[in-house]
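# structural data only, the sequence is not supplied:
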């Protein structure tokens, strides 16, 4: 994919050098070109100057560079997670869950809230009426 960029050069002295660097990521090529063993990438660069200076001379304003890339899919494709790491993670998760349940049990999180019976007539308001004996 092409990427265009501009850089302003405020003043031109006698000679100016423009250098551009790029990186090729191995993972990018393995995702897009997994079925091929080698790839030739052609890098094209051109420079154009827009200026109000009349006597500006620009030499070698375009260049094309071939870059050969040899892919080694065996090196970069991961083989997966070892079984003992999965087993250790499952055991650690089960232990953490058991510890959490034990702590919640200890603080009474799992106790059922009991409903109290409806209040009866309070005893301190009760009036005792004496019986008359006959």
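Thanks, I have the structure now. All values reported here derive from a predicted model rather than from experimental measurement.

# what residues does the longest helix anywhere in the chain touch?
For the chain, the helix reaching the highest residue count under DSSP state H is reported as helix 83-106. By Cβ atoms under 8 Å, 6 or more residues apart in numbering, the surrounding residues in contact with helix 83-106 are residue 110. Bear in mind the C-beta positions are built from the backbone N, C-alpha and C, glycine included.

# run the last query once more with 10 Å
80-82, 109-111 (Cβ atoms under 10 Å, 6 or more residues apart in numbering).

# among those, which ones are in helices?
Secondary structure assignment by DSSP H places none of these in helices.

# now for the residues you listed, which pair is the farthest apart?
80 and 111 (45.1 Å; Cβ to Cβ).

# helix, strand, or coil at the nearest residue to residue 33 once chain neighbours are set aside?
Using Cβ to Cβ, 6 or more residues apart in numbering and skipping the chain neighbours, the partner closest in space to residue 33 is residue 39 (5.8 Å). With DSSP: H, G, I helix; E, B strand; the rest coil as the basis, the three-state label of residue 39 is strand.
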